[in-house]
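[1] Just need the structure, nothing else, for what follows:
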Amino acid sequence: MCTRSIYRGRKEKRKKWLKGGSAAHNALKTVVLDKRLVYDIRNLSQFLQTGAIEVYHSLMTKYVAKRQAFDPKVMEARTCLAAIDHNSSLGREQTEMSLKNRGEDV
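    Numbers count the residues shown, from 1 in each chain. Purely as a prediction, here's the structure:
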């Protein structure tokens, strides 16, 4: 059932907005525009990237293929191998290749 139809008949609630120049508006502006907060938010966006978990899941599929069924003990062993492989690679610098060497063995 589409839930949007439930809201169509209701009157929109009038939202109360802060008036520009009011004490509440100025206090909010001070907090939101604080240079330290803006800096922290900029750094948080780098902290919350999902790239690392995507790399881990990609490595997991190397050991535990999605299209294949495994016995629970085999699944546990393969998952442990993937975790060991991942943990052994932590802290390693990423290999960088020049454009002319792409596609070749490292």
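
[2] And the helices in the protein, which stretches?
    For the chain, helices defined by DSSP state H occupy the ranges 4-8, 23-32, 35-47, 51-63, 72-89.

[3] Save the ones you listed as CSV, and put in mean neighbour count too.
    Where C-beta positions appear, they are placed from N, C-alpha and C, glycine not excepted. Formatted as CSV, those follow (neighbours: other Cβ atoms under 10 Å):
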stretch, mean neighbour count
helix 4-8, 8
helix 23-32, 11
helix 35-47, 9
helix 51-63, 12
helix 72-89, 12
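
[4] Switch these over to a markdown table, and while doing so, append mean pLDDT and distance to Trp17 to every line.
    Formatted as a markdown table, the helices of the chain follow (pLDDT from 0 to 100; distance: least, Cβ to Cβ, whole Å):
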| stretch | mean pLDDT | distance to Trp17 |
| --- | --- | --- |
| helix 4-8 | 54 | 21 |
| helix 23-32 | 93 | 9 |
| helix 35-47 | 78 | 22 |
| helix 51-63 | 88 | 38 |
| helix 72-89 | 92 | 49 |
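
[5] Now distance to Thr95 too, for those, in a markdown table please.
    Conversion of those to a markdown table gives the following (distance: least, Cβ to Cβ, whole Å):
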| stretch | distance to Thr95 |
| --- | --- |
| helix 4-8 | 50 |
| helix 23-32 | 42 |
| helix 35-47 | 22 |
| helix 51-63 | 14 |
| helix 72-89 | 11 |
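
[6] how about these, which one is nearest Arg14?
    Comparing the helices of the chain against Arg14 with Cβ to Cβ, the closest turns out to be helix 4-8 (15.5 Å).

[7] Now Lys66, what are its backbone angles?
    Main-chain torsions, Lys66, degrees, to the nearest 10: phi -70, psi -30.

[8] count of neighbours near it?
    Residues near Lys66, counting by other Cβ atoms under 10 Å, number 6.
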